[in-house]
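J.: coordinates only, sequence not included:
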């Protein structure tokens, strides 16, 4: 059974007197920076993007070019997005690494697929909260936590675990507990979920909505029933808190019978093969190479897919339904 760590396993003094150089002030980087600062650590933001640097300074952080920030501390937290991290790492971090430095990754992606190979004289640590930067920040502010994955991929100094747990504690990543996995496992699990569960749910919801609207049900009512009411999110939230079966038992008997008696209708050998193929592509690095090429070429397919999906008439109905219940008609992103 893998190790499971909580706040009781961390010794915050392992970081005593050390600043954290945080590279990348995006949503996740910003959340991490605020959590670390509020846990009593000194955080220096490194970014070569003026907009990020200005945003960090407005929030009260010291900000400087990434290479300068990395040189300021032996603790270097890499908060750039997966697709941007390798180029920035090799240009700004790798040339200045010293014996005993600790690289902190928030995602196992670049380690798992060979985009970054830390030199043997540094520590390499993974702290991967499950969820977005906003979720990490909100949980910290509420005094709660989100579950996390944690790993020490390379322990050159002999202190990697102490620093990993101390930093995870400061991030708030131990409040919900941190499960030990490898960077490879973290990356493959995340990609598998993104490429199977999420697209199937997305397709099922949109297909169901289009059917209901085609059959004469009011679009707004259809979307409210399917997901805009928050009932689906509530059921998933209760599944995370109590377990899937216990969450089901908290619904009406009508709902329980409807789900359980129709469950086998959705048991399909083809679906299993889709899952197996998706996992195989992830494990072999096929997706990682595909995405690397797509990003390097300016993301033409991603942009085309976004445009195609955005053209669905369904989103106009969604905007009206969201506005009716008091929400903004369009997303804020």
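T.: All right, it came through fine. Since the model is a prediction, treat every value here as computed from it, not as a measurement. Numbering: from 1, shown residues only.
J.: per-residue confidence averaged over the helix or strand hosting residue 204?
T.: Here residue 204 sits within helix 197-214, counting by DSSP states H and E. Mean pLDDT, computed over helix 197-214, is 94.
J.: and residue 89, what does it touch?
T.: Residue 89 sits next to 78, 80, 110, 116 when contact means CB atoms under 8 Å, 6 or more residues apart in numbering. Heads up, the C-betas are built off the backbone N, CA and C, glycines and all.
J.: Around residue 205, how many other residues sit close by?
T.: Look at residue 205: counted by other CB atoms under 10 Å, it has 15 neighbours.
J.: hmm, back to that, could you pull out the buried residues of the helix holding residue 204?
T.: Across helix 197-214, burial judged by 16 or more other CB atoms under 10 Å covers 206, 209, 210, 212, 213.
J.: which residues sit against it?
T.: 219, 222, 223, 226, 227, 271, 312, 314, 317.
J.: go on, stretch 155-165?
T.: The contact list for stretch 155-165 (CB under 8 Å, 6+ apart) reads 5, 9-11, 14-15, 75, 99-100, 102, 104, 120-125, 127, 150, 152, 154, 174.
J.: what about 10 Å?
T.: Stretch 155-165 is contacted by residues 3, 5-7, 9-15, 18, 74-75, 99-104, 118-127, 150-154, 166, 173-174, 178, 180 when judged by CB atoms under 10 Å, 6 or more residues apart in numbering.
J.: Let me see the ranges of the helices in the stretch 201-333 of the chain.
T.: When assigned using DSSP state H, counting those that start in this stretch, the helices of the stretch 201-333 of the chain occupy the ranges 219-223, 231-242, 244-249, 253-262, 269-283, 286-296, 300-310, 314-324.
J.: for those helices, which one sits closest to residue 137?
T.: Among the helices of the stretch 201-333 of the chain, helix 231-242 comes nearest to residue 137, with 18.0 Å by CB to CB.
J.: Tell me the helices and strands packed up against the closest one.
T.: helix 197-214, helix 244-249 (3 or more CB pairs under 10 Å, 6 or more residues apart in numbering; DSSP states H and E).
J.: CSV for those, including distance to residue 262?
T.: CSV is the format used below for the helices and strands packed on helix 231-242 (distance: least, CB to CB, whole Å):
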stretch, distance to residue 262
helix 197-214, 13
helix 244-249, 13
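J.: and of those, who's closest to residue 57?
T.: That would be helix 197-214 among those, by CB to CB, at 35.6 Å.
J.: I appreciate the help and will end here.
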